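Participant: Show me the folded form of this:
(one chain, ligands or ions: 1)
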Amino acid sequence: MWRVAAVRALWGGGVGAPRAASGAAAAQLRRRLESELEDIRGAGTWKSERVIASRQGPRLRLAGGGAEIINFCANNYLGLSSHPEVIRAAAEALEKFGAGLSSVRFICGTQSIHKDLEEKIARFHQREDAILYASCFDANAGFFEALLTPEDAVLSDELNHASIIDGIRLCKANKYRYKHMDMQDLEAKLKEAQKHRLRLVATDGAFSMDGDIAPLREICQLAQKYNALVFIDECHATGFLGPSGRGTDELLGVMDKVTIINSTLGKALGGAAGGYTTGPKPLIDLLRQRSRPYLFSNSLPPAVVGCASKALDLLMESNAIAQSMAAKTQRFRSKMTAAGFTISGKDHPICPVMLGDARLASVMAEDMLNRGIYVIGFSYPVVPKGKARIRVQISAVHSDEDIDRCVEAFTEVGRKHGALS
Ligand code: PLP
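Facilitator: Next up, the predicted model:
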């Protein structure tokens, strides 16, 4: 009750009435913003948000009613976002350690559960140490600047995630961008970069728009030849790629050749939030001293730490969940290919159904939703012009029937729109 009274006092009894700022500058700002928003709508790149009224999971209800839909567009690869043990662990951490720390880590924001989770992450990846961030976006934003100086060089795949690109922008190293997964181009850039003190090759382990996997063996061979370090972003790999779900480095047999891994707790590992860097201990020690998103942002909330910690326990106990996801991915990819669709990438639960035309991708995605299948169409500028697609993401908690219903719906909708020969 006191909260309601306090809010009423603050807003003079009427909660909810927004007050527009007055003055010429505010009016000018409003006009500029409205015109920018109109441009975005005009360009056809407006992103609207569907409101979900249930937990994240293979089946969802959207706000406003309607039937349950089957969800194929979350990064909930292992279905842990609504796993009962993960939810229980979050509730226990909330109860025992409170809602949050009201502090950054180095002032009074480090609890035993933060240290335990960092140790568990390092053990999972077989690295020396790990450091937590509020997100992997922050881990990427804080990593390059803390490590690289104008004497150094960073070589980045042109299709790396926006957060890697932004992290690299923030650092003062010499920047080289190599063509997507093009080893000849990477070698040429490594030769050019020999003049610098230190070379770091940075790549996504798995690329989220195409479901393709970086050629890490070749990257590591080149890195060895030209005395470079390798950094990978494993957001779309941690927990499920490789025989025991350690990620792309395990899948491709180069765990001892990749020096630094950044990844997220917000996708396969429970889906709450959070990110991390794992690697050599002195590097992690340096990040704790220098990395700005770590130093100047609040600690991860205990419930979030509880989720991720339990997710890692489940994955370290058994790889059954990851294997179930791999089998479902295989089922979807082979049935869709047999139906006549082109699916980009290989063996990855990100299954982009390639359609080419932006309008086709958008109307087909809408028609799929009308048939109870939730998928999203992607077109320029998110993907190159002429390469529009519907991205389907498979989860361990999809049933075989869910997968088959999705393929049937694609086949019907594809025929209707002439996307199948
Ligand atoms: N890196 C990649 C490759 C991603 O796909 C994402 C999320 O979309 C991120 C980093 C950012 O992760 P987080 O959601 O933890 O900030």
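
Participant: how much space between residue 277 and residue 337?
Facilitator: Using Cβ to Cβ, to the nearest Å, residue 277 is found at 37 Å from residue 337. For the C-beta atoms, the positions are set from N, CA and C on the backbone; glycine is no exception.

Participant: Over to residue 416?
Facilitator: In terms of Cβ to Cβ, residue 416 sits 20 Å off from residue 337.

Participant: interface residues of this protein facing the ligand?
Facilitator: 135-137, 140, 161, 163, 204, 208, 233, 235-236, 264, 266, 275 (Cβ under 6 Å from any ligand atom).

Participant: Can you select the buried ones among the residues you listed for me in ChimeraX?
Facilitator: Selection of buried members from the residues of the chain next to the ligand for ChimeraX, criterion 16 or more other Cβ atoms under 10 Å:
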select :135,136,137,140,161,163,204,208,233,235,236,264,266,275
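
Participant: Identify the residues contacting stretch 208-217?
Facilitator: 157, 159, 161, 181, 183, 203-207, 230, 232, 235-237, 241, 248-249, 251-254, 257-258, 343-352, 378, 382-383, 391 (Cβ atoms under 8 Å, 6 or more residues apart in numbering).

Participant: scratch that, stretch 317-330 is what I was asking about
Facilitator: Counting by Cβ under 8 Å, 6+ apart, 77-80, 239-240, 243-245, 314-315, 347-349, 351, 394-396, 398, 400, 403 sit against stretch 317-330.

Participant: show me where the stretch 201-350 of the chain has helices.
Facilitator: 216-225, 248-251, 281-290, 292-295, 302-317, 320-339 (DSSP state H, counting those that start in this stretch).

Participant: Could you dump those helices into a markdown table and include mean neighbour count?
Facilitator: Supplementary listing: the helices of the stretch 201-350 of the chain in a markdown table, determined by neighbours: other Cβ atoms under 10 Å:
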| stretch | mean neighbour count |
| --- | --- |
| helix 216-225 | 18 |
| helix 248-251 | 22 |
| helix 281-290 | 15 |
| helix 292-295 | 19 |
| helix 302-317 | 22 |
| helix 320-339 | 18 |
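
Participant: And residue 198, its phi and psi?
Facilitator: Note on residue 198: backbone dihedrals following degrees, to the nearest 10 are phi -140, psi 140.

Participant: Setting aside sequence neighbours, what's the nearest residue to it?
Facilitator: Excluding the flanking residues, the one nearest residue 198 by Cβ to Cβ, 6 or more residues apart in numbering is residue 152, at 4.3 Å.

Participant: Give me the distance between that neighbour and residue 229.
Facilitator: 10 Å.

Participant: Double-check residue 99 against residue 301; I have them as touching.
Facilitator: Yes: using Cβ atoms under 8 Å as the test, residue 99 is close enough to residue 301 to be in contact (6.6 Å).

Participant: For those two, work out which one has more neighbours and name it.
Facilitator: Neighbours were counted for residue 99 and for residue 301 using other Cβ atoms under 10 Å; residue 301 has more, 21 against 9.

Participant: How many residues are close by the residue nearest to that one when sequence neighbours are not counted?
Facilitator: The shortest distance from residue 301 to any non-neighbouring residue, by Cβ to Cβ, 6+ apart, is to residue 100 (4.5 Å). When neighbours are counted by other Cβ under 10 Å, residue 100 registers 15.

Participant: Residue 100 touches residue 298, doesn't it?
Facilitator: Yes: taking Cβ under 8 Å as the definition, residue 100 is a contact partner of residue 298 at 6.9 Å.

Participant: which residues in the stretch 301-421 of the chain form strands?
Facilitator: 350-356, 373-374, 376-378, 388-393 (DSSP state E, counting those that start in this stretch).

Participant: Throw those into JSON lines and include mean pLDDT and mean neighbour count, thanks.
Facilitator: Below are these laid out as JSON lines (pLDDT from 0 to 100; neighbours: other Cβ atoms under 10 Å):
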{"stretch": "strand 350-356", "mean pLDDT": "97", "mean neighbour count": "21"}
{"stretch": "strand 373-374", "mean pLDDT": "98", "mean neighbour count": "22"}
{"stretch": "strand 376-378", "mean pLDDT": "94", "mean neighbour count": "20"}
{"stretch": "strand 388-393", "mean pLDDT": "97", "mean neighbour count": "26"}
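
Participant: In TSV: the ones you listed, plus distance to residue 108.
Facilitator: Below are those laid out as TSV (distance: least, Cβ to Cβ, whole Å):
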stretch	distance to residue 108
strand 350-356	40
strand 373-374	42
strand 376-378	41
strand 388-393	39
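
Participant: Let's verify residue 167: helix, strand, or coil?
Facilitator: Of the three states, residue 167 takes helix under DSSP: H, G, I helix; E, B strand; the rest coil.

Participant: quick one: the closest residue to it other than its chain neighbours from residue 49, how far?
Facilitator: Closest residue in space to residue 167, ignoring its immediate chain neighbours: residue 140 at 4.1 Å, by Cβ to Cβ, 6+ apart. Using Cβ to Cβ, we find residue 140 at a distance of 24 Å from residue 49.

Participant: and if you look at residue 76?
Facilitator: Distance from residue 76 to residue 49, by Cβ to Cβ: 17 Å.

Participant: Residue 315 reaches residue 124, doesn't it?
Facilitator: Yes: between residue 315 and residue 124 a contact is recorded at 7.3 Å, counting by Cβ under 8 Å.

Participant: how about stretch 206-216: buried residues?
Facilitator: 206, 207, 208, 209, 210, 211, 212, 213, 214, 215, 216.

Participant: per-residue pLDDT, the fourth one?
Facilitator: Here the pLDDT value assigned to residue 209 is 93.
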